[in-house]
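**Q** Take a look and give me a structure for this.
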Amino acid sequence: LISSATKSLRMETEMLEKKLQEAQMKLAEKDGDKQKEIQSLKRLLSELEFQLTMEKSNNESFLDKLRKEMKHKSEELEKLTQEKTQLIQSLSQVQEENSVLQDTVRRECEERFELTAALGRAREQVLELRRLSGTLS
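**A** Numbering: from 1, shown residues only. As a prediction, the model looks like this:
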């Protein structure tokens, strides 16, 4: 009976040892797979960090470019605004001069008409005087 129980226990122990070995092998395989997956994820993480660094660098470079361009455009706008102000002042001055010249031309035309009318009256008087002097002689 003892021998039979011992034999049975040994067989059971051997089976349990085989199961333990199989479980250890599966655990070792799973552990190896996990280590591979960890290494793969670490590589992927490194690649993504590198891409992120490159994107940040590109974005900073692009932002610097945009800032420089914006500064340049702002300077151009300021320059154009000053030119516009000067042109408006010049236009105002020219309009004022034009108004003065138009007023001068109007007055000169009025004087010319007055002189033409006076000249016409003077001619009439000269002709009248000639007639009178011709009649007196």
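**Q** Return the distance of the helix or strand harbouring Leu127 from the chain's centre.
**A** Counting by DSSP states H and E, the element that carries Leu127 is helix 2-136. Here helix 2-136 is found 0 Å from its chain centre; the criterion is Cα atoms, centre = their mean, to the nearest Å.
**Q** Run through the neighbouring helices and strands of it.
**A** Taking 3 or more Cβ pairs under 8 Å, 6 or more residues apart in numbering; DSSP states H and E as the contact definition, helix 2-136 has no neighbouring helices or strands. (Glycine included, C-beta is placed from N, CA and C.)
**Q** Give me the mean pLDDT for that helix.
**A** The pLDDT scores in helix 2-136 average 96.
**Q** Quick one: residues contacting Leu129.
**A** For Leu129, the contact set (Cβ atoms under 8 Å, 6 or more residues apart in numbering) is empty.
**Q** Residue numbering should commence at 6 henceforth.
**A** Renumbered: residue one is now 6, and that last one reads Leu134.
**Q** tally of neighbours for Gln44?
**A** The number of residues packed near Gln44 is 10, by other Cβ atoms under 10 Å.
**Q** Please report how far it lies from Asp38.
**A** Using Cβ to Cβ, to the nearest Å, we find Gln44 at a distance of 11 Å from Asp38.
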